[in-house]
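1. Need coordinates for the following:
(one chain, ligands or ions: 1)
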Amino acid sequence: MSYEYITVASDEAVGVITLNRPKILNALNLQLINELVEAMEQFDHDPSIGAILLTGNERAFAAGADINEMADASAVEIMKRDQFAVWDRMSRISKPIIGAVSGFVLGGGCELMMNCDIVIASETAVIGQPEINLGVMPGAGGTQRLTRAVGLRKAMEMLLTGDSISAKEAWQYGLVNRVVPVEACFSEALKLAKRISRQAPLAVQVIKKTVHKAEDLPLQEGMDYERNSFYLLLASEDRKEGMQAFLEKRKPRFTGN
Ligand code: CO8
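-> Okay, here's the model as predicted:
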């Protein structure tokens with residue numbers, strides 16, 4: 001499969017996707033998002049891949065939705081495009097997505113970052129939801145995921161002013177996991193993705209799904225979900241292998257069964 005606006009590669013068991021529209025700061029047009037989700041789904045179905053790494057370039061992870069594509073479209077046209085349906089597919093990817101973000105992470109770019117499960121940010125990252133400056137608002141989760149991540153007051157300030165925050169501030173608010181020098185961003189994220197890709201695949205996917213349930217479910221329902229997931233993993237071959245390997249003082253050989 002060849003893509004125009006992304007590049008795709010693999011490194012050991014990590015599927016690497018790089019946004020590739022550098023001239024306009026990786027602005028997210030419909031085709032790019034479609035390509036991105038297609039590539040993610042391919043990695044998700046590929047048993048040789050254990051984690052997905054999503055990145056941009058040093059100047060921009062992504063500076064938001066492609067404003068050229070939206071500027072003249074009517075509300076009805078945009079509604080009929082149903083462009084957010086493809087974003088919903090992204091949130092159903094079962095393997096962990098690690099983001100490596102530098103430079104501009106704005107609007108739809110910030111929403112894309114928030115679709116990642118773990119984020120390594122460069123010291124240069126500038127993160128925000130500036131849609132209000134265009135007279136609009138986020139449409140791919142910016143009001144919901146940002147509020148869950150940083151809390152109501154900080155989200156309200158960012159969304160109503162359109163002001164960006166630095167990587168360090170994003171880290172203080174728990175919006176990114178780690179801040180590293182720009183030259184180390186990709187390699188740190190890759191190292192982490194490789195570590196996770198070597199874990200028991202079923203456990204990785206079930207843990208990801210169960211953690212996301214914490215965003216939606218009341219505590220007791222989440223606990224019940226967790227317990228059922230726990231019992232499910234007890235039935236796996238990898239559980240036998242993991243525990244046997246511990247007892248035999250050797251490294252486990254997980255197969256994903
Ligand atoms: N869309 C289209 N083109 C863009 C975008 C964008 N979001 N951002 C930058 N560009 C283009 C510029 O027009 C410019 O093109 P050209 O060279 O042809 O003039 C090129 O990228 C370089 O940009 P600048 O010259 O402006 O570079 P600066 O370093 O001076 O400024 C900024 C960088 C601050 C990032 C500035 O470009 C900017 O403010 N960009 C817009 C940021 C923004 O408002 N993002 C939010 C967009 S709306 C949105 O994301 C809604 C989300 C809804 C859901 C998502 C659905 C997909």
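2. What are the buried residues along stretch 158-172?
-> 158-159, 164-165, 167, 169-171 (16 or more other C-beta atoms under 10 Å). All C-beta spots, glycine's among them, are computed from the backbone N, C-alpha and C.
3. er, stretch 37-52 I mean
-> 37, 39-40, 43-44, 49-52.
4. next one: stretch 250-257
-> 252, 254.
5. CA atoms of that stretch as PDB?
-> In PDB, the C-alpha atoms belonging to stretch 250-257 read as follows (Å, rounded to 0.1, in the frame of the first residue of the first chain):
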ATOM      1  CA  ARG A 250      14.500 -17.500  32.500                       C
ATOM      2  CA  LYS A 251      13.000 -14.900  30.100                       C
ATOM      3  CA  PRO A 252       9.500 -15.700  28.900                       C
ATOM      4  CA  ARG A 253       8.800 -16.500  25.300                       C
ATOM      5  CA  PHE A 254       5.400 -14.900  24.600                       C
ATOM      6  CA  THR A 255       3.400 -16.000  21.600                       C
ATOM      7  CA  GLY A 256       0.200 -14.000  21.900                       C
ATOM      8  CA  ASN A 257      -1.900 -17.000  22.600                       C
END
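6. ok, how many other residues are close to I24?
-> By the criterion of other C-beta atoms under 10 Å, I24 has 14 neighbours.
7. what's it in contact with, if anything?
-> Neighbour list for I24: 63, 66 [criterion: C-beta atoms under 8 Å, 6 or more residues apart in numbering].
8. ditto for the one 4 residues further on
-> Under the criterion of C-beta under 8 Å, 6+ apart, the contact partners of L28 comprise 19, 62, 64-66, 108-109, 112.
9. Would you tell me which one of those residues comes nearest to D82?
-> A65 (14.6 Å; C-beta to C-beta).
10. so who does that closest one touch?
-> 27-29, 107-108, 140.
11. Pairing-wise in the sheet, spell out the partners of it.
-> On the basis of DSSP bridges, A65 is bridged to L28.
12. Could you measure from it over to I78?
-> From A65 across to I78, the span is 10 Å (C-beta to C-beta, to the nearest Å).
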